[in-house]
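Novice: what's the 3D shape of this:
(chains A and B)
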Amino acid sequence: SQKIEQNSEALNIQEGKTATLTCNYTNYSPAYLQWYRQDPGRGPVFLLLIRENEKEKRKERLKVTFDTTLKQSLFHITASQPADSATYLCALVLNRDDKIIFGKGTRLHILP
Amino acid sequence: ETGVTQTPRHLVMGMTNKKSLKCEQHLGHNAMYWYKQSAKKPLELMFVYNFKEQTENNSVPSRFSPECPNSSHLFLHLHTLQPEDSALYLCASSHPVQGPNYGYTFGSGTRLTVV
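Specialist: Predicted coordinates for the structure are as follows:
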């Protein structure tokens, strides 16, 4: 069956450290993978996109990797801050014009 | 604000009531979506509209009825809901021509409670 799996437990990281979130998928072949941030009571906010032929993408303190062999994406936040505390959603896009398929998300807490 | 506005933010309704959720965007996007978000579940796609035409209905019960009068407005009409329909309902929009590069733009959602 098709699945998208993100760390089911909340992740607690000390301020200043690097937070790493995992997204694994099964029986999908996405052309793109996106990451979103969602704060309580708000809608998700798009952060980054990475294409299947890209290994790594960076944006400020964010870094995303995409390994289509392992069927895994890693999302890193370096020099983490309490304001980075939120739920992070991974989303697959199978083709350019296709709808997005979301994972359940991982709740991240950055501890001061 | 993201540019996608949803009203109301909170709604409590009885199982026999009829209500409507509203979504509005002026981002120039031509695709609009309704999602349901329940606790500990991934976002569930309900409906997709492209250029005002419904292109997807993801096996949603008929007690949910979408309406898209133009590319800027989307409604979700609700009637005879069940308590398990209580959830956060999110509207999103995108520009199909741009592809997935900019993701979807979501509203803040309507928190619906069915009593």
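Novice: mind checking the SS state of B:G99?
Specialist: At B:G99 the chain is in helix, as set by DSSP: H, G, I helix; E, B strand; the rest coil.
Novice: relative to B:R63, how far out is it?
Specialist: Counting by Cβ to Cβ, to the nearest Å, the gap between B:G99 and B:R63 amounts to 34 Å. Every C-beta, even on glycine, is put in place using the N, C-alpha and C of the backbone.
Novice: list the buried ones in stretch B:18-37?
Specialist: Using 16 or more other Cβ atoms under 10 Å in any protein chain shown as the burial criterion, the residues of stretch B:18-37 that qualify are B:19, B:21-25, B:29-37.
Novice: stretch B:80-99 now?
Specialist: Buried residues in stretch B:80-99, defined by neighbour count with 16+ other Cβ under 10 Å: B:L81, B:D85, B:S86, B:A87, B:L88, B:Y89, B:L90, B:C91, B:A92, B:S93, B:S94, B:G99.
Novice: and stretch A:41-52, what's its mean pLDDT?
Specialist: Stretch A:41-52 comes out with an average pLDDT of 94.
Novice: ok, now stretch B:93-107?
Specialist: Throughout stretch B:93-107, pLDDT has a mean value of 86.
Novice: is any residue of that stretch near chain A?
Specialist: Yes: for stretch B:93-107 and chain A, the contact criterion (Cβ under 8 Å from any Cβ of the partner chain) is met by B:P96, B:G99, B:P100, B:N101, B:Y102, B:G103, B:Y104, B:T105, B:F106, B:G107.
Novice: can you turn the buried part of those into a ChimeraX selection?
Specialist: The command below creates a ChimeraX selection of those among those that count as buried (16+ other Cβ under 10 Å):
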select /B:99,100,103,104,105,106,107
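Novice: and of the residues of stretch B:93-107 next to chain A, the nearest to A:Y32?
Specialist: Here the nearest of those to A:Y32, counting by Cβ to Cβ, is B:P100; it sits at 4.7 Å.
Novice: pLDDT weak spots in chain B?
Specialist: Judged against pLDDT under 70, chain B has no low-scoring part.
Novice: close to chain A: what parts of it are there?
Specialist: B:2, B:4, B:33, B:40-43, B:45, B:48, B:56, B:88, B:90, B:92, B:96, B:99-109, B:111.
Novice: among the residues of stretch B:93-107 next to chain A, which ones are in helices?
Specialist: Among those, the subset assigned to helices under DSSP state H is empty.
Novice: now the residues of stretch B:93-107 next to chain A in TSV, with distance to A:E15?
Specialist: As requested, the residues of stretch B:93-107 next to chain A are arranged in TSV below (distance: Cβ to Cβ, whole Å):
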residue	distance to A:E15
B:P96	40
B:G99	36
B:P100	32
B:N101	32
B:Y102	30
B:G103	27
B:Y104	30
B:T105	30
B:F106	28
B:G107	31
